[in-house]
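Undergrad: Predicted coordinates and the sequence they were generated for:
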Amino acid sequence: MPSTPRPKNSLFTGLAKIEESVLSILLMIMIVLTCVQIILRAFFSTGIPWADPFLRYLVLWTGFLGAAMATSQGKHIAMDVAGFLVPQSLQSWLHILTNLFSCVVAGILTWAAYLFIVSERQFGTASLLHLPSWVWVLIFPIAFFLISLRFFMAA
């Protein structure tokens, strides 16, 4: 089965450029902060107290943004058993159906992530850098929404 085509739309092109820029900035921050932590620990027996939890959240953000970007480029993980069993004449229909199914699943995950954020706003108390915990996990609904949108456009 062919990979998910990248939409030829200026909105999605702009969104992809923003994603790539944010991802690049996050990776750069992760590399620099990790190097600073290593140097501080190795040579000064100290470190930045908030750096490790901050880096964990950055890993989460880069992973989810990377998943959204992979979906937009058609490089996401796919199980393609039916593609080998369906005749070539039905391949385009199967492609549409699998993209719509993936869109619905990602949409359900978006809703579940939204409910998680609502719960975190009510009950989450931990904070990092004076931001509540729900802010740090906003990537869940954002990424699942982007993934759902990409599958919808590919369908």
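TA: Nice, thanks for sending it over. Source: prediction; values computed, not measured. Numbers count the residues shown, from 1 in each chain.

Undergrad: Can you give me the neighbour number for Gly63?
TA: 12 (other Cβ atoms under 10 Å). In this view, the C-beta of every residue, glycine as well, is placed from N, C-alpha and C.

Undergrad: And it, which helix or strand is it part of?
TA: Secondary structure from DSSP states H and E places Gly63 in helix 51-72.

Undergrad: which other residues reach that helix?
TA: Applying Cβ atoms under 8 Å, 6 or more residues apart in numbering, the contact partners of helix 51-72 are 4, 6-7, 12, 15-16, 19-20, 22-23, 26-27, 29-30, 33-34, 36-37, 76, 128-129, 136-137, 139-140, 142-143, 146-147, 150-151.

Undergrad: What residues of that helix count as buried?
TA: Neighbour-count burial for helix 51-72, counted by 16 or more other Cβ atoms under 10 Å, picks out 54-55, 57-58, 61-62, 64-69, 71-72.

Undergrad: mind putting those in TSV, pLDDT included?
TA: Shown next, in TSV, are the buried residues of helix 51-72 (pLDDT from 0 to 100):
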residue	pLDDT
Phe54	95
Leu55	96
Tyr57	95
Leu58	96
Trp61	95
Thr62	96
Phe64	95
Leu65	94
Gly66	94
Ala67	93
Ala68	92
Met69	91
Thr71	89
Ser72	85
